[in-house]
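J.: sequence and predicted model, in that order:
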Amino acid sequence: MVIVSACFLGVNCRYNGISETNKWVEEWTKNGMAVAICPEVLGGLPIPRPPCEIQRMENHKIRIMDQCGDEQTSAFLIGAQKTLEIAKIIDAKAAILKERSPSCGFGKVYDGSFSKRLIIGNGLTADLLSQNGIEIFNENQEVAFKAFYKKITAK
Ligand code: SF4
């Protein structure tokens, strides 16, 4: 089974109250092998909500701040934990997650200054899933995802 960012499937769960529908992800999930999640909603955040970014502190810890200046770290941690619980229940081997999101992004995320600057890093949910052995893909990795899925289902 595969975890998929719900916003790819037409769910209007993004911070701005709209989806990020993605054709190939939507098409692939018609096989019934995916479970859609939105970590930020699972963490208790509303739709819409102020955009959030990960900030790195001087002590190397991180915190999640929204654009209004309110800290949302605990909601993001809860969302990541709940997503991991779901992933374990369905025995997920992979996840297709929205790039650059402070929850779902993997490899690159915004730097916490709300100035659209990207830095190397992972969203909290993507990071937790990856630490637990789940292979992470984004919407631009259709070929790599399909090759990986073919390999694991051929066993
Ligand atoms: Fe999409 Fe993930 Fe953001 Fe939810 S948290 S809206 S699933 S990118």
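T.: On my side now, so go ahead. Residues are numbered from 1 along each chain as shown.
J.: mind checking how far Cys52 is from Leu129?
T.: Remark: distance between Cys52 and Leu129 (CB to CB, to the nearest Å) = 18 Å. Glycine gets a C-beta too; all of them are placed from N, C-alpha and C.
J.: cool, His60 as well?
T.: Distance, His60 to Leu129, by CB to CB: 22 Å.
J.: so between these two, which is more surrounded?
T.: Shown here are His60 and Leu129; by other CB atoms under 10 Å, Leu129 has more neighbours (26 against 6).
J.: quick check, the more buried one in contact with Asn122.
T.: No: Leu129 is beyond contact range of Asn122, at 9.5 Å (criterion: CB atoms under 8 Å).
J.: distance of the residue nearest the centre of the chain from the ligand?
T.: Centroid-nearest residue in the chain: Cys104, 1.7 Å away (criterion: CA atoms, centre = their mean). Separation of Cys104 from the ligand (CB to the nearest ligand atom, to the nearest Å): 4 Å.
J.: can you check Thr21 too?
T.: For Thr21, the distance to the ligand equals 11 Å [CB to the nearest ligand atom].
J.: same thing with Ala126?
T.: Taken as CB to the nearest ligand atom, the span from Ala126 to the ligand is 9 Å.
J.: what secondary structure does that residue sit in?
T.: Of the three states, Ala126 takes helix under DSSP: H, G, I helix; E, B strand; the rest coil.
J.: got a list of what it touches?
T.: Ala95, Leu97, Ser103, Cys104, Gly105, Phe106, Ile136 (CB atoms under 8 Å, 6 or more residues apart in numbering).
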